[in-house]
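Sequence first, then the predicted structure:
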Amino acid sequence: MLEVDEHSFQYHELMADKETYKAGADILIVEDDESIARLMNLHLQAAGFSTYSCSDGSSALDCIRDGKWRLVVLDRMLPGVSGMKVLRKIRKSATNATIPVLMVTALSQPSERVHGLNEGADDYLAKPFEPAELIARAKALLRRNRFVETGSVRNNPIQLDPDTHAMFEGDQRIELRPMEYKLLKILMDKPGKTRSREYLLDHVWGRDVFVEARTVDVTVKRLRKALKQIGRKKCIETVRSMGYRFISPAE
């Protein structure tokens, strides 16, 4: 359970960043524990976000279908339709596949977190947690999703579309999730150059974001699956004990 005294929590620390999100951020909270959901709403709203909550998977799917959410905070263990099933349906959706999902769980085993990341979660938050960490992770995911590409990748048969976060080659086009797109762009900017996991964490996720190094591996795995669809799975090479590099395909 969320361990925090809502009366003693230092709201002024949260409100200092409110101007950063003065336009609001539509966050859907899916949590079946009423007290935790109430406190999530309370603290996120104090930080300047607009929120809405529901308590089961079926309601969550209805909300996701009907709304235009910028972030979903999703409890893994829900009554009825589980959080993992909700996550899978989000990722299979034609219109909502790129919504950032912060999965919240009482399951602390690394294997459970890796499984969730492999299924498409963008980040994990273990219960119990501090409200400040919830807010920091929410802001980080929203910053990632606002990433705007300013450059272009040249001299490569694989091209990137910064407006839709898609890659294409010829008439083949694959839409990527924001972090997959950004990771691919950074690797493609310097073909043949090995980038360490630490470098990728800093330049893709950001230095102020709490992300495990394994997250890089999971994202690379998903990216390779996408590249496989255009016959380019081997473009990202693993350099043992060092990191990853992009090998330009022959034109």
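Structure's in. What do you need?

Show me what whatever helix or strand Met188 lives in packs onto, helices and strands only.
Per DSSP states H and E, Met188 falls inside helix 178-189. Counting contacts by 3 or more Cβ pairs under 8 Å, 6 or more residues apart in numbering; DSSP states H and E, helix 178-189 is packed against helix 131-145, strand 159-161, strand 166-169, helix 214-228, strand 243-246. C-beta here means a position set from N, CA and C on the backbone, and glycine is covered the same way.

Can you pull the poorly scored residue ranges out of this protein?
Residue ranges of the chain with pLDDT under 70: 1-25, 94, 108, 144-156, 208-209, 250-251.

ranges for the strands of it?
Ranges of strands in the chain, per DSSP state E, are 26-30, 50-54, 71-75, 101-105, 123-126, 159-161, 166-169, 172-175, 195-196, 236-239, 243-246.

check contacts around Met77.
For Met77, the contacting residues are 32, 83, 105-107, by Cβ atoms under 8 Å, 6 or more residues apart in numbering.

how about the helices and strands packed on helix 178-189, which one is nearest Leu61?
For the helices and strands packed on helix 178-189, proximity to Leu61 was assessed by Cβ to Cβ; helix 131-145 is nearest, at 20.1 Å.

all helices in the stretch 1-150 of the chain, in order from the N-terminus.
Remark: helices assigned in the stretch 1-150 of the chain by DSSP state H, counting those that start in this stretch are 11-15, 34-46, 57-66, 83-92, 110-119, 131-145.

Need the contacts of Met77 in JSON lines (columns: distance to Lys89 and neighbour count).
JSON lines is the format used below for these (distance: Cβ to Cβ, whole Å; neighbours: other Cβ atoms under 10 Å):
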{"residue": "Asp32", "distance to Lys89": "17", "neighbour count": "16"}
{"residue": "Gly83", "distance to Lys89": "11", "neighbour count": "25"}
{"residue": "Thr105", "distance to Lys89": "18", "neighbour count": "20"}
{"residue": "Ala106", "distance to Lys89": "22", "neighbour count": "13"}
{"residue": "Leu107", "distance to Lys89": "20", "neighbour count": "15"}
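
Show me how the record splits this protein into domains.
22-142, 158-246 (the TED database).

Buried deepest among those, which one?
Between the domains of the chain, domain 22-142 has the highest mean count of neighbours, a mean of 18, where neighbours are mean count of other Cβ atoms under 10 Å.

gap between Asp202 and Gly116?
As defined by Cβ to Cβ, to the nearest Å, Asp202 lies at a distance of 23 Å from Gly116.

Can you give me the end-to-end span of stretch 124-139?
This stretch, stretch 124-139, spans 14 Å end to end (Cα to Cα, to the nearest Å).

Can you give me the distance of Glu198 to Trp205?
From Glu198 to Trp205 the distance is 11 Å (Cβ to Cβ).

Contacts for stretch 91-109, please.
Contacts of stretch 91-109 (Cβ under 8 Å, 6+ apart): 31, 64-65, 69-77, 83, 87, 90, 112-113, 116, 119-127, 129, 137-138, 141-142, 144-145, 165, 175, 177-178.

what's the answer for stretch 221-238, then?
The contact list for stretch 221-238 (Cβ under 8 Å, 6+ apart) reads 118, 120, 158, 167-169, 172, 174, 176-177, 180, 183-184, 187, 220, 244-249.

go again using 6 Å as the cut-off
By Cβ atoms under 6 Å, 6 or more residues apart in numbering, the surrounding residues in contact with stretch 221-238 are 169, 172, 174, 176, 180, 184, 244-247, 249.

Compute the first-to-last residue distance for it.
Taking Cα to Cα, stretch 221-238 runs 11 Å from one end to the other.

next one: stretch 203-221
Taking Cα to Cα, the first and last residues of stretch 203-221 lie 18 Å apart.

gap between that stretch and the chain center?
Put simply, stretch 203-221 sits 10 Å off its chain's centre (Cα atoms, centre = their mean, to the nearest Å).

same deal with stretch 78-93?
Distance of stretch 78-93 from its chain centroid, counting by Cα atoms, centre = their mean, is 15 Å.
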